[in-house]
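[1] Fold the following, please.
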Amino acid sequence: MKKLILFELRKIFFNRLTQAAWFVLLCLSFLFGFSSYQNMNAFDGISKEGSGGTAVEIDKAIAKKYEGMLTDEKVRQIMEDFKPTRDLHGMNAAYLQYNATQSAVFRKFSDLDGNWNGLRVSDVFGDEEIKIGYTYGWLKTSENMVKVFLVLSFVIVVMIAPVFSGEYGGVDNIILTSRYGRTTCAAAKVIGSFLAAVLVTAAVSAVNLIYALLLYGGSGLDCSVLFAPAGFAEGYIPFNITCGTLLKYQILLAFTGAVSVTGITLVLSAGCKSQTAALAASAAAYLFPVFLPVSETSPLFRIIVLLPLYHAQFVSLMSVDQGNNGLLYAILAVPAAFLFVGIGAIVSYKIFVRHQVS
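    This next block holds a predicted model:
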C-alpha cells in the first residue's frame, strides 16, 4: 500500500498541469505579498515619509513608541501627536492615514476635524484589553492569504480531478489492478489525494508565513486585530483576538477547505469519464455557493458558510455570530471537513471499484 500511495503522489505532483498550477500559485503568493509591501506608505507626522520598506520601518518605530495596552492617555497622546495641521477640505479625519498607528486610533476616536470625539477605550471596546503594536503587515498578510487560499483550492482541483477520471482505460491502471487488486488501488488513490492536498496546503502556508516574517519581522503577532488602520473594512474580524491567533484560525480553515474540496473533486473524478469534465464539474461545484441568492442574515447562510469556498474566504465563517460565538461556529468547519472527507473517500472508492468490476 505504501508503494502505491507514493506512486499516486508522484503521478499527482509530476503532472505537467499540476506543476504549472503550482508555479502560478507560488508566483501569485510572492506577487500579492510584494505588492502590499511596496504599496505601503507612512509619515511620522514630522519629516520622515516613505513607501515600501521605509514605510514599514516608520510604522514599526511609531508602533514601538506606543506599544502595550491601549489606554485613554495613549489615545489622547496619539490624537495630539498626529493632529491634522492642514485643511482636510471636508474629508472625514477618521479616514486620514499618516501611518498605521495614527489611522487605527483616528478611525475610532476622531471627530470629523481630527479632534478627540470624547469616547474612551471602554466606550469603544468594552471590557476588552486591547494590546497595540505593529499589526499592519500581518493584517495585510492575512488579506493576501485569502486570495492565495482561494487560488490554492483551484490548484487542488487541478491536482485531484485526473486521479480517477484519468485512469479509465489506462494501461497503468490495468497493470496495477491485476497486481495489487482493484480495492487496494482505489484506496491508494483516495489516500494519496488527501495526503497531496494536505502537503500542498502546508507548503503554501509555510511559504506565505516565512515571506511575511522576512518582510515584517515577528513583532505584532501578539497584538489585537481590532487595532487596525482604516484601510481594513469595519468588522474585518469583529472580536478581540491577536494577529497570531487570527493566522492560526485562517490556516486551520485552509486545511479544512483543502480536504473538503478534495472530497468533492474525488467524487466527480470517479463519476466523470474524462479529465476535462471532472475538472470543469469540480470547479463549478466549488463556486456553486457564489450563485446562491442567500444573504448573510439568512439562517440558511449558517449552513452554506460551511462549504469549502468559505473556508478559504474565512472572514464570513468567523463572523457568523458576533463575539466569541463566531470563533466557536468557525470550529464547525472541522466536522464539516470530516464529512466531506468521509463522503468523498467512500463514494469515489465505490464508484471506481464498481467500474473496475464492470
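
[2] pLDDT weak spots in the stretch 101-250 of the chain?
    Scanning the stretch 101-250 of the chain for pLDDT under 70 picks out the ranges 166-182, 231, 233-236.

[3] quick one, helices of it?
    In the stretch 101-250 of the chain, the helices defined using DSSP state H, counting those that start in this stretch lie at 121-125, 136-160, 162-165, 171-180, 182-216, 243-271.

[4] For Ile62, find the nearest of those.
    Judged by Cβ to Cβ, the one of those that comes nearest to Ile62 is helix 136-160, at 10.5 Å. All C-beta atoms are positioned from the backbone trio N, CA, C, and that covers glycine.

[5] and that closest one, what does it pack onto?
    Helix 136-160 sits against helix 2-13, helix 16-38, helix 53-66, helix 182-216, helix 243-271, helix 275-287, helix 308-312, helix 314-318, with contacts defined as 3 or more Cβ pairs under 8 Å, 6 or more residues apart in numbering; DSSP states H and E.

[6] rerun at 7 Å
    helix 16-38, helix 182-216, helix 243-271, helix 275-287, helix 308-312 (3 or more Cβ pairs under 7 Å, 6 or more residues apart in numbering; DSSP states H and E).

[7] Output the helices of the stretch 101-250 of the chain as CSV; include the columns distance to Ser282 and mean neighbour count.
    As requested, the helices of the stretch 101-250 of the chain are arranged in CSV below (distance: least, Cβ to Cβ, whole Å; neighbours: other Cβ atoms under 10 Å):
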stretch, distance to Ser282, mean neighbour count
helix 121-125, 43, 15
helix 136-160, 5, 23
helix 162-165, 10, 25
helix 171-180, 20, 13
helix 182-216, 12, 19
helix 243-271, 4, 24
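
[8] one step back: quick one, which of the helices and strands packed on helix 136-160 gets closest to Trp138.
    With Cβ to Cβ as the measure, helix 243-271 is the member of the helices and strands packed on helix 136-160 nearest Trp138 (4.1 Å).

[9] buried residues in stretch 224-234?
    224-232 (16 or more other Cβ atoms under 10 Å).

[10] Would you mind giving those as CSV with distance to Glu129 added?
    Listed next are the buried residues of stretch 224-234 as CSV, based on distance: Cβ to Cβ, whole Å:
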residue, distance to Glu129
Ser224, 8
Val225, 13
Leu226, 11
Phe227, 11
Ala228, 16
Pro229, 20
Ala230, 22
Gly231, 24
Phe232, 20
